[in-house]
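J.: Next come a sequence and a model predicted from it.
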Amino acid sequence: MRIVKIILLVIVALIVLSAVAGLFMSSKFSMERSTLINADQKVIFDQINNLKNWEQWSPWQKMDPETKITYDGPEAGVGASYSWTSSKNGDGTLTISESIPYESVTTDMDFKENGKGVAGFKIAKEGNGNKLIWWFETDLESNPFKKFFFGMMGESIMSKPFDQGLSDIKKIAESMPSAAPEIIPAVPDTLSADTTK
């Protein structure tokens, strides 16, 4: 019985310590991961801007293949949205709030009772390829336990699925043909000629 009491006291002490520590920790949590992709910016952009393409690389859908997805709005770009229901990953909604062609995509995320967040992708030219950055931000508000948890373990837990998703995007993008170059119409000779004569 004494051992049980000691264990319970230790558990209570740890809970109290985590709550106290959480009070002094930042309510903001943010992280980002990146990978270098040897593919055209347009090819990469299509993977992140079209929500139906996420089915091929989303790490959370792979964690729970039974996830139910419901799409709403346009298929790609601002306003495109999907909601998910998962016994493993909970329920939520993701909506593209900003889309800058071939540069970035920003999404608003609603995790229902688990709060909200903002995430997105940035594409930046690097060497002969493109660097794809996946970032995430959330406000933990005043919950000391959430602040303690995310402050201590948030990045270590979330970095693995982020890295997996980026790795899969890289494989998909590098296996696809480069996007067709934009055709710039030639200027007619009549317009380029000297009209001052």
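T.: Arrived safely. Numbering: from 1, shown residues only.
J.: Report the beta-bridge partners for the residue nearest to residue 112 when sequence neighbours are not counted.
T.: Excluding its sequence neighbours, the residue lying closest to residue 112 (C-beta to C-beta, 6 or more residues apart in numbering) is residue 91, at 5.3 Å. All C-beta spots, glycine's among them, are computed from the backbone N, C-alpha and C. On the basis of DSSP bridges, residue 91 is bridged to residue 85.
J.: Around residue 91, how many other residues sit close by?
T.: Counted by other C-beta atoms under 10 Å, the residues lying close to residue 91 total 16.
J.: Can you show me the strands along this protein?
T.: According to DSSP state E, the chain carries its strands in the segments 28-37, 68-72, 81-86, 90-100, 104-110, 116-126, 129-139.
J.: ok, residue 95 touching residue 77?
T.: No. Taking C-beta atoms under 8 Å as the definition, residue 95 is not a contact partner of residue 77, at 11.1 Å.
J.: These two: who's more crowded?
T.: Neighbours around residue 95 and residue 77, counted as other C-beta under 10 Å, are more numerous at residue 95. The numbers are 18 against 15.
J.: quick revisit: any idea of the pLDDT on the residue nearest to residue 112?
T.: At residue 91, the predicted lDDT confidence score is 95.
J.: Now do it against residue 73, distance only.
T.: Separation of residue 91 from residue 73 (C-beta to C-beta, to the nearest Å): 18 Å.
J.: One more: residue 38?
T.: Remark: distance between residue 38 and residue 73 (C-beta to C-beta) = 32 Å.
J.: If you count surrounding residues, which of those two has more?
T.: More neighbours surround residue 73 than the other of residue 38 and residue 73, with 14 against 11 (other C-beta under 10 Å).
J.: Where does pLDDT dip in the chain?
T.: 1-2, 4-27, 140-156, 178-197 (pLDDT under 70).
J.: pretty sure residue 68 contacts residue 85?
T.: Yes. Judged on C-beta under 8 Å, residue 68 makes contact with residue 85 at a distance of 4.5 Å.
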